[in-house]
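Novice: Sequence below, structure please.
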Amino acid sequence: MSLNWKQWSKNDIIFGIIIPVVVVLVIVGFSQLSTIIFTSGAIESSGIIIGIIMEITELTLIVAIPLMLGLVWNRWAGGASGFLMGTFYAIYWRDSFHGIAGAGTVLIAYIVAPMLIGFIAGALNKRSEDFKRMLIAGLIATIIGGIMQFGIFQLSTANVVTGLNGLALTVLPRLLIGVIIAVVAKVFFWYGMGVNNKTNQ
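Specialist: Numbering: from 1, shown residues only. The predicted structure is shown next:
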C-alpha cells in the first residue's frame, strides 16, 4: 500500500531532511577549514588539516562508495562504481601530475584499486545480511585494495608513498573504512534498504 500526501512521520523529517542537511553542512565546513586557517594566520598547521581533508575525500570516493555498493548490491555494482569513482578521482589529480614522468601509473592505481575493492567485497559477501560476513568481506577487500594501490605506486617514479610508513598509511585507514561501511551496510539491511533481488551474484 502506497503512502498518500498526508502520511508523514517523525522519521521522514529526521532522515529525509535534518540528517542530509547536517551532512552537507559538515562537508561544506570541512571544505572551508583551510580558508579559515590561512586567514587566521596559522599557516604552519594548515598542511595537517589539508592532508586530513584530502584523505577523507580519497577514502570516501575510492573506498567507501565501491565497498558499500559491493556489500549491499553485488560485485558488478561494486566494481563498476569503483571504476567510476576511481576515474573521477584520477581526473581530479590529473592536472597536478601534468608533465611528471610516471604520473600515469599513479593515476591507474587510483582507478584499479577501488574497482578491486568493490568487486571483491561483492564477490565475497554475495548480499549476505550477516554482519560478520560483511565485516570479513570488507576487511579482505580493503586490505587487498590498499596493498595493490601501494604496490602499483612503487612502479612509478612520481610516487612519494614509500616504506613501511607509506604502506601503513595506505592500508590502515582502509581497514577502518572496511569496519565502518560494514556497520553502515548492516544498518541499511535493518531498515530494508538492501537490494532484495538475488540474481547475478
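Novice: list the helices and strands the longest helix along the chain packs on?
Specialist: In the chain, with assignment by DSSP state H, the single longest helix is helix 163-190. Counting contacts by 3 or more Cβ pairs under 8 Å, 6 or more residues apart in numbering; DSSP states H and E, helix 163-190 is packed against helix 46-59, helix 65-72, helix 131-153. Where C-beta positions appear, they are placed from N, C-alpha and C, glycine not excepted.
Novice: can you rerun that using 6 Å?
Specialist: helix 65-72, helix 131-153 (3 or more Cβ pairs under 6 Å, 6 or more residues apart in numbering; DSSP states H and E).
Novice: Which positions within the last one qualify as buried?
Specialist: Of the residues in helix 131-153, 134-135, 137-150, 152-153 count as buried by neighbour count, 16 or more other Cβ atoms under 10 Å.
Novice: next one: stretch 99-110
Specialist: Neighbour-count burial for stretch 99-110 [16+ other Cβ under 10 Å]: Ala103, Thr105, Val106, Leu107, Ile108, Ala109, Tyr110.
Novice: just stretch 160-175 next, same as before
Specialist: Val161, Leu167, Thr170, Val171, Pro173, Arg174.
Novice: Relative to Glu129, how far out is Thr157?
Specialist: Distance of Thr157 to Glu129, computed by Cβ to Cβ, to the nearest Å: 46 Å.
Novice: ok, so of the buried residues of stretch 160-175, who is nearest Pro114?
Specialist: Arg174 (10.2 Å; Cβ to Cβ).
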